[in-house]
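Engineer: 3D, please:
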Amino acid sequence: MHDVHFLLTDLLFGVPAMIAVGLYIVAVVITNRRGRLRKWPWLRTVSFVAGVLFASIALVGPLSRQSYTDFTAHMVGHLLLGMLSPLLIALAAPMTLILRTLNVHLARKLSLLLQSSFIGFFTHPVTASVLNIGGLWVLYTTNLYSAMHSSLLLHIIIHIHVFLAGYLFTISLVYIDPVFHRFSYTYRTVVFILALAGHGILSKFIYAYPPAGVIEEQSRIGAMLMYYGGDAVDLLLIFILFKHWYQSVRPRKLVSTGI
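Structural biologist: Residues are numbered from 1 along each chain as shown. As a prediction, this is how the structure comes out:
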């Protein structure tokens, strides 16, 4: 039964991952061949491939199988799928690439969709934080964590949610792709600090109170991974956010001082 389960999840997550990488590379080739003065940055392509790779490691193969019985392995997968992978994919600016690749008519339609209130709601920093951090609280403080290991559908839904919530959280804080619903750096920073606090408190809660079905030793190791590993990824987010903030303010200071 477990072999069939793993085969289904490998296909469900592995095939779309390969397709995504293939489509991204094809889009890069198309946009570069259109004679633009600026070629698509190769580092963005590397970032996208790396992001998909880390997500695949969490969802397909040995780590995914081990996470069923080992909470430490599960938490490694959480860091890869819900934090590092979304950040790397966001840095790859996939929406910008899509807009550059599509014809003018389709690009305008996509732009209108991105400007919609529906997209604005889910990319709002508060909404994205609640979906991301709040979702983790629900997962680890209820019976949902143990239930996901006995239900294939629940397993799939939760992992998709973890990635999407992580991606929405990332793009709500750092603007790499076109953003039509913008918020100030101060506002985003305050929301980010609150989200960091929620993530840190949850990791300490897991350390003291293991999720249902998790032995204490694994819970403590997993909690420490969540705390320190999460901080490492969050430091990258902080660096990018503050770098953008500095770049947005610096020209004004130069003008005001006559430099």
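Engineer: Give me the most central residue, this structure.
Structural biologist: Nearest to the centroid of the C-alpha atoms of the chain, with distances taken as C-alpha atoms, centre = their mean, sits Pro86, at 2.4 Å.
Engineer: Sticking with that one, tell me its helix or strand.
Structural biologist: Element membership for Pro86, per DSSP states H and E: helix 85-91.
Engineer: and what of His78?
Structural biologist: helix 71-79.
Engineer: about what we covered before: pretty sure the residue nearest to the centre of the chain is touching Val162, no?
Structural biologist: No - Pro86 is not in contact with Val162 according to C-beta atoms under 8 Å; the separation is 9.3 Å. In this view, the C-beta of every residue, glycine as well, is placed from N, C-alpha and C.
Engineer: Distance from stretch 168-186 to the middle of the chain?
Structural biologist: 13 Å (C-alpha atoms, centre = their mean, to the nearest Å).
Engineer: and that stretch, average pLDDT?
Structural biologist: Averaging pLDDT along stretch 168-186 gives 93.
Engineer: what does stretch 32-42 give?
Structural biologist: 81.
Engineer: how about the CA coordinates for the helix holding His78, as CSV?
Structural biologist: The C-alpha trace of helix 71-79 is given here as CSV (Å, rounded to 0.1, in the frame of the first residue of the first chain):
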residue,chain,number,x,y,z
PHE,A,71,9.8,14.1,12.3
THR,A,72,13.3,15.5,11.9
ALA,A,73,13.2,14.5,8.2
HIS,A,74,9.8,16.0,7.9
MET,A,75,11.0,19.3,9.3
VAL,A,76,13.9,19.3,6.8
GLY,A,77,11.4,18.9,4.1
HIS,A,78,9.3,21.7,5.6
LEU,A,79,12.2,24.1,5.4
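Engineer: which secondary structure elements does it contact?
Structural biologist: helix 42-59, helix 62-66, helix 216-224 (3 or more C-beta pairs under 8 Å, 6 or more residues apart in numbering; DSSP states H and E).
Engineer: can you list contacts of the second one?
Structural biologist: In this case it means helix 62-66. 6, 9-10, 57-58, 73, 76-77 (C-beta atoms under 8 Å, 6 or more residues apart in numbering).
Engineer: Could you single out the nearest of these to His181?
Structural biologist: When those are ranked by distance to His181 (C-beta to C-beta), Ala58 comes first, at 29.4 Å.
Engineer: For the closest one, grab the count of nearby residues.
Structural biologist: Neighbours of Ala58 under the rule other C-beta atoms under 10 Å: 25.
Engineer: who wins for neighbours among the contacts of helix 62-66?
Structural biologist: Busiest of those [other C-beta under 10 Å] is Ala58, holding 25 neighbours.
Engineer: need the contact list for it.
Structural biologist: 64, 76-78, 80-81, 85, 159 are the contacts of Ala58 under C-beta under 8 Å, 6+ apart.
Engineer: same question, Ser111
Structural biologist: So Ser111 contacts 99, 178, 180 (C-beta under 8 Å, 6+ apart).
Engineer: Buried subset of the residues you listed as a PyMOL selection?
Structural biologist: Selecting only the buried entries of the contacts of Ser111 in PyMOL, with 16 or more other C-beta atoms under 10 Å as the criterion:
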select buried, resi 99
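Engineer: Same list, the contacts of Ser111, but as TSV with secondary structure and distance to Val130 please.
Structural biologist: Shown next, in TSV, are these (DSSP: H, G, I helix; E, B strand; the rest coil; distance: C-beta to C-beta, whole Å):
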residue	secondary structure	distance to Val130
Leu99	helix	28
Pro178	coil	24
Phe180	coil	21
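Engineer: just for the stretch 1-150 of the chain, where's the confidence low?
Structural biologist: Scanning the stretch 1-150 of the chain for pLDDT under 70 picks out 1-3, 35-37.
Engineer: do that again at 90, thanks
Structural biologist: Where the stretch 1-150 of the chain drops to pLDDT under 90, the residues are 1-12, 33-39, 61, 64-65, 67-69, 103, 146, 149-150.
Engineer: mind checking how far the nearest residue to Gly213 once chain neighbours are set aside is from Leu63?
Structural biologist: Using C-beta to C-beta, 6 or more residues apart in numbering and skipping the chain neighbours, the partner closest in space to Gly213 is Ser146 (4.1 Å). Ser146 sits 19 Å away from Leu63, going by C-beta to C-beta, to the nearest Å.
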